[in-house]
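Chemist: Take a look and give me a structure for this.
(4 chains)
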Number of protein chains: 2
Amino acid sequence: MGMIVKALKKGQTLQTEDGREILGPDASKGERTRVRILDEAAALASENGIGAVTLGPLADRLGMSKSGLFAHFKSKESLQVEVLVRSAERFTEVVIAPIRAEKDKPKRLAIFFRNWLDWIEHPGLGSGKGGCPILAAHFEYDDVPGPVRDQAAKHNGEFYEFIRRLVAVALPQADEYATAAAIDGLGLSHLLRVRLMGDEKARLHTLRAFEALQKNPPLKGA
Amino acid sequence: MGMIVKALKKGQTLQTEDGREILGPDASKGERTRVRILDEAAALASENGIGAVTLGPLADRLGMSKSGLFAHFKSKESLQVEVLVRSAERFTEVVIAPIRAEKDKPKRLAIFFRNWLDWIEHPGLGSGKGGCPILAAHFEYDDVPGPVRDQAAKHNGEFYEFIRRLVAVALPQADEYATAAAIDGLGLSHLLRVRLMGDEKARLHTLRAFEALQKNPPLKGA
DNA sequence: GAATAAAACGAACGGTCGTGCTATTAAATG
DNA sequence: CATTTAATAGCACGACCGTTCGTTTTATTC
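Modeler: Next up is the predicted model:
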């Protein structure tokens, strides 16, 4: 999920390499505004989808002019891409980073999964009051070629890889690919049950399925 | 392009690929056109999402005027809702109906799952060359209130129910809710792996996870 | 085939979209 | 402070959006 944000003129410092966003009080006003825009755009995207991140309404929410906002990005498309990047940073911070505290590998997997369910369920944990912008983008742009799709695909690939490695060390006997797919799927399905259907028992069922998966994962060389 | 049904003259019938849905020779021209619009709109939706079903381009594809097209629906929103309804019909025809031929319940579940994966993988099995419009709508509209969301939620609810019942008779010892969620998730995850990441081994991994799930599902009263 | 109803069209509307420009204001620098 | 540079605003553009309306073409009915 680490991605270097370029596109600055002189030797500026807005960087996001090690998950640590360096944006001190010494940052220029432009850089601060830029992040403010990105966060608000992520909130908007979370409610209505990346495709609905349009300049006018976004500028209104920020209390600034459309053109003043636009001057920060070379196109709307690049704004959308950067929203995804920023959302991924948030995701890493909230869901992934905290699990490092747990040293026991199987427990670490379980903690990750619960964190992820929290992220999915809880509006505002990430950004807006809607769902995860990146997940929405995955399905919104899965067949629409372009930079947004590419960025979404990149994140999805990295996320899947992340789960796979977690599984590999937590459940050594398991087919890590199949198991990762199953875990990924549980999250996706959970999102629909919670956000689309408002199923109160969603978490109960999802966790049951997860526990069964932990106990009896697809095995290697089956 | 190849999917576009040419203009029909009086007395011709309009039917889907396997000749199930018959719009008889006595159907008025308006009704026939209406279906033609819906099918083309579904194709468009499958490529770019329901939100991208706009009147101008849709009219172009159909070789008719925007206003002539619009006259068939009271609003764009209602057009979108009807696209979902029609797509659901297609889904039932292609994925669900054929499984009734298999009487053995566990086998029936397996056949359904494979049919579903086919539907997810295969562009054009349903409508356009993109992915399933309904699934896309689920994530596109999960936080956008309105008729489109309501329709999508309805379909998702029915689909989940369908899987649950299938599980209940195929795997009586299983927690049908948790198992249904897991199966649903496998399909969703599969879609991303295939359509977004182009993972060649996606089907292999998904099927492995499914078989493990069949063998060791989450159990009742766990 | 004439009469009537249905369907499709063309043009136009008010709106919003993304994106250039130029001017103005605020910040950074010496 | 004065000067330079970055940030924002204002305005206008062309394109496209959904929608309406009056007209014309095509189906259907007598």
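Chemist: So what's the gap between stretch A:114-125 and the chain middle?
Modeler: Computed by Cα atoms, centre = their mean, to the nearest Å, the separation of stretch A:114-125 from the middle of its chain amounts to 11 Å.
Chemist: Would you map the helices across chain A?
Modeler: Using DSSP state H, the helices of chain A run over A:29-48, A:55-62, A:66-70, A:76-91, A:105-121, A:133-140, A:147-170, A:176-191, A:202-215.
Chemist: Show the pLDDT at the residue nearest the centre of chain A.
Modeler: A centroid search over chain A (Cα atoms, centre = their mean) returns residue A:88, at 4.0 Å, as the residue closest to the centre. At residue A:88, the model reports a pLDDT of 94.
Chemist: My guess is it contacts residue A:134. True?
Modeler: Yes: judged on Cβ atoms under 8 Å, residue A:88 makes contact with residue A:134 at a distance of 6.2 Å. Bear in mind the C-beta positions are built from the backbone N, C-alpha and C, glycine included.
Chemist: Mutual contacts of the two, please.
Modeler: residue A:155 (Cβ atoms under 8 Å, 6 or more residues apart in numbering or on different chains).
Chemist: Nearest to residue B:206 among the helices of chain A would be which one?
Modeler: Nearest to residue B:206 among the helices of chain A is helix A:176-191 (5.8 Å), distances taken as Cβ to Cβ.
Chemist: number of nearby residues for the residue in chain A that DNA strand D sits nearest to?
Modeler: Going by Cβ to the nearest atom of the strand, DNA strand D is nearest to residue A:30 of chain A, at 1.7 Å. Close neighbours of residue A:30, defined as other Cβ atoms under 10 Å in any protein chain shown, add up to 14.
Chemist: Any idea how many residues pack against the nearest residue to it once chain neighbours are set aside?
Modeler: Computed as Cβ to Cβ, 6 or more residues apart in numbering or on different chains, the closest residue to residue A:30 that is not its neighbour in sequence is residue A:72, at 7.2 Å. Residue A:72: 17 surrounding residues under other Cβ under 10 Å.
Chemist: And for residue A:204?
Modeler: With other Cβ under 10 Å as criterion, residue A:204 counts 14.
Chemist: any idea how far the residue nearest to the centre of chain A is from residue A:137?
Modeler: Note on residue A:88: its distance to residue A:137, by Cβ to Cβ, to the nearest Å, is 10 Å.
Chemist: Over to residue A:151?
Modeler: Remark: distance between residue A:151 and residue A:137 (Cβ to Cβ) = 8 Å.
Chemist: who's more crowded, those two?
Modeler: residue A:137 (30 against 22).
Chemist: list the contacts for the more buried one?
Modeler: Residues near residue A:137 by Cβ under 8 Å, 6+ apart: A:45, A:49, A:50, A:84, A:148, A:151, A:152.
Chemist: go again using 10 Å as the cut-off
Modeler: A:45, A:49-51, A:80-81, A:83-84, A:87, A:144, A:148-149, A:151-153, A:155-156, B:139-140, B:196 (Cβ atoms under 10 Å, 6 or more residues apart in numbering or on different chains).
Chemist: And for residue A:174?
Modeler: Neighbouring residues of residue A:174 by Cβ under 10 Å, 6+ apart: A:167, A:168, A:180, A:182, A:213, A:214, A:216, A:217, A:218, A:219, A:220, B:212.
Chemist: May I have the beta-bridge partners of it?
Modeler: residue A:219 (DSSP bridges).
Chemist: Measure how buried residue A:195 is and give me the count.
Modeler: Counted with other Cβ under 10 Å, residue A:195 comes out at 23.
Chemist: hang on, I meant residue A:67
Modeler: 9.
Chemist: My guess is it contacts residue A:73. True?
Modeler: No: contact criterion Cβ atoms under 10 Å: residue A:67 and residue A:73 do not qualify, at 11.6 Å.
Chemist: Spit out the residues that contact these two alike.
Modeler: residue A:55.
Chemist: ok and the residue in chain A nearest chain B?
Modeler: Nearest to chain B in chain A, going by Cβ to the nearest Cβ, is residue A:185, at a distance of 2.8 Å.
Chemist: what residues are up against that residue?
Modeler: A:209, A:213, B:181-193, B:206, B:209.
Chemist: Swap in 6 Å and give it another go.
Modeler: Applying Cβ atoms under 6 Å, 6 or more residues apart in numbering or on different chains to residue A:185 gives the contacts B:185, B:186, B:188, B:189.
Chemist: what's the nearest residue to it if we skip its chain neighbours?
Modeler: residue B:185 (2.8 Å).
Chemist: Distance of that neighbour relative to residue A:192?
Modeler: Distance from residue B:185 to residue A:192, by Cβ to Cβ: 9 Å.
Chemist: try residue A:111
Modeler: Taking Cβ to Cβ, one finds residue A:111 at 23 Å from residue A:192.
Chemist: Then residue A:69?
Modeler: 33 Å.
Chemist: Could you check which of those two has the larger neighbour count?
Modeler: residue A:192 (27 against 21).
Chemist: wait, residue A:129 sits on residue A:195?
Modeler: No: the criterion here is Cβ atoms under 6 Å, and residue A:129 misses it with residue A:195 at 10.9 Å.
Chemist: picking up where we left off before, now the buried members of the contacts of residue A:137.
Modeler: Buried by 16 or more other Cβ atoms under 10 Å in any protein chain shown: A:45, A:49-51, A:80-81, A:83-84, A:87, A:144, A:148-149, A:151-153, A:155-156, B:139-140, B:196, out of the contacts of residue A:137.
Chemist: Give me the neighbour count for the closest residue to residue A:162 other than its chain neighbours.
Modeler: Nearest non-adjacent residue to residue A:162, counting by Cβ to Cβ, 6+ apart: residue A:96, 7.0 Å away. Look at residue A:96: counted by other Cβ under 10 Å, it has 19 neighbours.
Chemist: Equivalent analysis for residue A:28, please.
Modeler: Per other Cβ under 10 Å, the neighbour tally for residue A:28 reads 13.
Chemist: ok, it to residue A:71 distance?
Modeler: According to Cβ to Cβ, residue A:28 and residue A:71 sit 14 Å apart.
Chemist: Which positions in chain A make contact with DNA strand C?
Modeler: Chain A has residues A:28-29, A:53-57, A:66-67, A:70-71, A:75-77 near DNA strand C, with proximity defined as Cβ under 7 Å from any atom of the strand.
Chemist: cutoff 6 Å now
Modeler: Residues of chain A lying close to DNA strand C by Cβ under 6 Å from any atom of the strand are A:28, A:29, A:54, A:55, A:56, A:57, A:66, A:67, A:70, A:75, A:76.
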